[in-house]
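Asks: coords below, sequence missing:
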């Protein structure tokens with residue numbers, strides 16, 4: 001049984017790949033399609049909040065799964081710079097199409113604050129972040145007691161953490177000179 005060689009990758013490429021993963025909508029679409037049709041959920045809100053949770057979950061996973069190294073700090077910085085650039089593009093597109101100015105990056109930061117507060121509050125003393133994120137997601141959607149929203153938020157958070165962890169474990173990060 002031989003161990004496969006890890007793919008060497010620069011911090012910049014890793015950050016770009018993780019930013020692309022954060023905004024990828026494939027898993028999001030699959031989660032939305034799995035929701036039973038006969039529900040009273042606002043699907044637009046659910047999809048919007050799922051995308052936000054996905055982006056934040058990838059950022060969270062970087063902090064959680066990367067060892068504390070200079071590469072981690074650089075990776076996180078480049079990842080969030082990419083997300084800020086994407087957010088600017090989304091904001092510009094939204095303003096062009098709706099005539100209303102929005103700052104998508106500020107929305108991301110506001111949601112991050114909500115999730116961080118939920119983690120800090122930790123109502124039942126839960127040691128697993130997934131048990132907190134699902135209910136916090138349902139609150140962000142405005143439907144705090146909805147089991148479907150709690151489940152789908154938990155699932156998105158879990159998928160992102162697992163995806164980032166697997167990816168980081170599959171590569172060899174080129175040290176910063």
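Replies: Looks like it came in fine. Remember, it's a predicted structure, so these values are computed and weren't measured experimentally.
Asks: mind listing the helices for this protein?
Replies: Using DSSP state H, the helices of the chain run over residues 11-23, 26-33, 43-65, 70-98, 104-121, 130-140, 147-170.
Asks: got those helices as a markdown table, with mean neighbour count and distance to residue 5 columns?
Replies: From N, CA and C alone the C-beta is placed, and that goes for glycine too. Putting those into a markdown table (neighbours: other Cβ atoms under 10 Å; distance: least, Cβ to Cβ, whole Å) gives the following:
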| stretch | mean neighbour count | distance to residue 5 |
| --- | --- | --- |
| helix 11-23 | 18 | 17 |
| helix 26-33 | 14 | 28 |
| helix 43-65 | 19 | 20 |
| helix 70-98 | 15 | 19 |
| helix 104-121 | 15 | 36 |
| helix 130-140 | 21 | 32 |
| helix 147-170 | 18 | 11 |
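Asks: out of these, which comes closest to residue 177?
Replies: helix 70-98 (10.1 Å; Cβ to Cβ).
Asks: tell me what that closest one is packed against?
Replies: helix 11-23, helix 43-65, helix 104-121 (3 or more Cβ pairs under 8 Å, 6 or more residues apart in numbering; DSSP states H and E).
Asks: of all those, which one comes closest to residue 171?
Replies: It is, among the helices and strands packed on helix 70-98 and with distance given as Cβ to Cβ, helix 11-23, at 6.6 Å.
Asks: since that was my last question, I'll sign off now.
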